[in-house]
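S.K.: Sequence and predicted structure below; questions after.
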Number of protein chains: 2
Amino acid sequence: MFHDGQRGELVLRLPEWLRQFWIAQARPFDTVEAKMRFAIELAGQNIERQTGGPFGAAIFDADSGRLIAPGVNIVEPSNCSIAHAEMVAIALAQQAIGSYDLGAGEMFCELVTSTEPCAMCLGAIPWSGVRRVLCGARGEDACAIGFDEGAKPADWVGALQGRQIEVVQDLCRTEAQAVLQHYRTISGHIYNAQRGR
Amino acid sequence: MFHDGQRGELVLRLPEWLRQFWIAQARPFDTVEAKMRFAIELAGQNIERQTGGPFGAAIFDADSGRLIAPGVNIVEPSNCSIAHAEMVAIALAQQAIGSYDLGAGEMFCELVTSTEPCAMCLGAIPWSGVRRVLCGARGEDACAIGFDEGAKPADWVGALQGRQIEVVQDLCRTEAQAVLQHYRTISGHIYNAQRGR
C-alpha cells in the first residue's frame, strides 16, 4: 500500500526513450501518413524496448503539423489500466497547453492512434477537445491477437462525427497491423483484467 | 509548454482535504448505503471546498468493507479531461495494490460512484478488474444540470453483467441528485470540451 507521502497521487511517466525522442523531435509533420507512421513507430519501439503494449498515439496541431504530445501504452509498467496510448497522449497534451480542453484555443488538434480506440478511449475523445481522429489498425486487428476493445456503439464513427469530430480510418492499416502481428509473433503479453472471474 | 523536466509526466493529485480525509479513514464500511453516502459526501465536499466537479467515487474491498481508494472529479484543477472521479479512484486503487488489475488477487473490488459512469468511465470499468459497480444518481440527472454522458451502449448494464460485473443502480439516488442540484443552485461551472466548435 501507499506510504502516506504517495497517498492520493498518481504519477504516469513516459518511458525514458520516448521522453528523449520527444525532446529531440522538432520538425513538423507534413502529411497524415507521416503522423500515422510516427504513431506506428511508437507502438513498434514500445514493443522493442519492452516498455508496454503494442500501441502508440500522438496529439498534433493540424495546422502547423507540430507534435503536441506523444503517448504509448504503459498499462503494465505503470500498474494502471487507464494508461492506454490515447489516454496518455491526451493527458500529456492537455498538460502541455495548460487546459483540459484541447479545443479551447485556436488550435485544431488531431489524435493519431496506431489502433482505433477501445471503448474507454472512444469515450474520452469528446471530453478531450480533439477535432479529428486518425486511426491505423482496426479494433478487430487488436482483437485478432487477443486484446479486447470493449462495448463500443455500433456506429461509433457516426457518433463522433455527430459531435463535429472527424474520423479517418485505415490510414497505413497494413503497417499498423504488422506491429500487432509482430507482438503476437514474439508472444508479447496480452494483459486483460480478470473481468469478474 | 513543458519545462523539459516535466515533459512526459502526468501527475494527478487528490485535493489536500481528501488526502487528509483518507489517511484518517480507518473504519470499514458495513453496508452498500454507507459506501454510497461516502461517495456522495466526497461529491458534496468537492463542491464545498471548490476543488472540482460535483462527482465522488471510491473503490472498496467488498468482503472487508475497507476503502482501497477514493476519487473526486479534478478535471478543471488538474487540466485533465480524463480525471473523472471514477478514473481517479480506479487509478489510485491500482497504485495502492500494485496491479493494473483489481481482480487479480483475492479481493472482490467494488466501484461506488455518486453518479453513474459516463461513456469513458464505463469503458474503463472492464479494464479495471472491479467486479461490482454501485451507482447513485442516473446519467440523466447529470445531464439535467448540463453535463454530457457521451454515447453509451443502450444496455450498458447488460453489457457489464455479460462480463460478470454486477451493477446496482439508484442507490441513495435522491441524496445523490441533491448534490447535483445544489451544484446547479450555486451556478457551479459546467465544463465541457468545445466538441469541434
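M.R.: Cool, the structure landed.

S.K.: Name the nearest residue to A:Arg37, sequence neighbours excluded.
M.R.: A:Cys172 (6.2 Å; C-beta to C-beta, 6 or more residues apart in numbering or on different chains). C-beta coordinates here come from the backbone N, C-alpha and C atoms, glycine included.

S.K.: wait, isn't the one you found in contact with A:Met36?
M.R.: Yes - at 4.6 Å, A:Cys172 and A:Met36 qualify as touching, with contact defined as C-beta atoms under 8 Å.

S.K.: In PDB, list the C-alpha atoms belonging to the lowest-mean-pLDDT helix or strand in chain A.
M.R.: Ranking every helix and strand in chain A by mean pLDDT, DSSP states H and E puts helix A:16-24 at the bottom, with a mean of 93. Extracted in PDB, the C-alpha atoms of helix A:16-24 (Å, rounded to 0.1, in the frame of the first residue of the first chain):
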ATOM      1  CA  GLU A  16      12.800   7.400 -20.900                       C
ATOM      2  CA  TRP A  17      13.500   6.600 -24.600                       C
ATOM      3  CA  LEU A  18      10.200   8.400 -25.500                       C
ATOM      4  CA  ARG A  19      11.000  11.400 -23.300                       C
ATOM      5  CA  GLN A  20      14.300  11.800 -25.200                       C
ATOM      6  CA  PHE A  21      12.700  11.100 -28.500                       C
ATOM      7  CA  TRP A  22      10.100  13.800 -27.900                       C
ATOM      8  CA  ILE A  23      12.700  16.400 -26.800                       C
ATOM      9  CA  ALA A  24      14.600  15.700 -30.000                       C
END
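
S.K.: other SSEs contacting that helix?
M.R.: If you count contacts as 3 or more C-beta pairs under 8 Å, 6 or more residues apart in numbering or on different chains; DSSP states H and E, helix A:16-24 packs onto helix A:32-48, strand A:66-72.

S.K.: where along chain A do the helices fall?
M.R.: A:16-24, A:32-48, A:75-78, A:85-97, A:119-128, A:139-144, A:156-161, A:173-185 (DSSP state H).

S.K.: Going by neighbour count, list what's buried in the first one.
M.R.: Right, helix A:16-24. Using 16 or more other C-beta atoms under 10 Å in any protein chain shown as the burial criterion, the residues of helix A:16-24 that qualify are A:Leu18, A:Arg19, A:Phe21, A:Trp22.

S.K.: pLDDT below threshold where in chain A?
M.R.: Chain A contains residues with pLDDT under 70 at A:1-6, A:193-197.

S.K.: Spatially central residue for it, please.
M.R.: Residue closest to the average C-alpha location in chain A (C-alpha atoms, centre = their mean): A:Glu86, at 2.5 Å.

S.K.: contacting residues for the closest residue to it other than its chain neighbours?
M.R.: Using C-beta to C-beta, 6+ apart and skipping the chain neighbours, the partner closest in space to A:Glu86 is A:Cys121 (4.1 Å). A:Cys121 is in contact with A:His84, A:Glu86, A:Met87, A:Thr113, B:Gly123, counting by C-beta atoms under 8 Å, 6 or more residues apart in numbering or on different chains.
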